[in-house]
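Asker: just need the structure, nothing else, for what follows:
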Amino acid sequence: MAAKADIDNFNSQHLANIAWAFAKVGRSDRKLFDSLAHAAIADIWDFKSQGLANTAWAFATVGMGDRELFDAVARAAIPDIGKFNSQDLANTAWAFAKVGRSDKELFDALAQSAMADIGNFNALDLANAAWALVHVHSDCLSDREDLFREIARQARE
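Answerer: Here you go, the predicted structure:
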C-alpha cells in the first residue's frame, strides 16, 4: 500500500519543486496550487532565494496570482535580496509583473540588487527584467530609468 503524501508536511524545497514542475509542463491544477500556496505561506521563512523565485515564477506561469502568497514571497524576499542571483532577481520581477503585483518595496530592492549584479545577467535575465520594468506600475520603481540604461548597456556588450 502506498503512503499518502500530506502537502502540509512537505518542506519549502519540495513545495517550490512541485510548483515549478507543474508550471514547466503547463499544468495549472487549481486545487494543487491552492494547497501549495497555503503550505508555502506557512513555511515562507524557510524558503531560500531560488525557492522564492521559482515559486513566484510557477504561480505566475500558470496564471495564479494568489495575493497572500505573493505578499508572503515579497516579505520573505526583501531581507534576503542580496542572496538572489541574477536569474532569481529577473524571475521574481517577471513573476510579480506578470500577475500585476506591484510591491514598491520589493521592486526597489530587486532593482538595487539588479544594478549591483547586472554584469552577471544573461540575455534571458535581461529580457525578463526589461519586460518586468515595462509592465510594473511606474510609481512602483524609483530607479526605473537607471536600470533601463544598465540593461541596455549590458545588452549591447
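Asker: show me the helices in the protein, by range?
Answerer: 12-24, 30-42, 49-61, 67-77, 86-98, 104-117, 123-135, 144-156 (DSSP state H).
Asker: between these, which one is closest to residue 6.
Answerer: helix 30-42 (9.5 Å; Cβ to Cβ). Where C-beta positions appear, they are placed from N, C-alpha and C, glycine not excepted.
Asker: buried residues, the closest one. List them.
Answerer: 33, 35, 36, 37, 39, 40 (16 or more other Cβ atoms under 10 Å).
Asker: with stretch 89-105 instead?
Answerer: 89-99, 101-103.
Asker: give me the distance between the two termini of that stretch.
Answerer: Start and end residues of stretch 89-105 are separated by 14 Å (Cα to Cα, to the nearest Å).
Asker: and that stretch, how far from the chain's centre?
Answerer: Distance, stretch centre to chain centre, for stretch 89-105: 7 Å (Cα atoms, centre = their mean, to the nearest Å).
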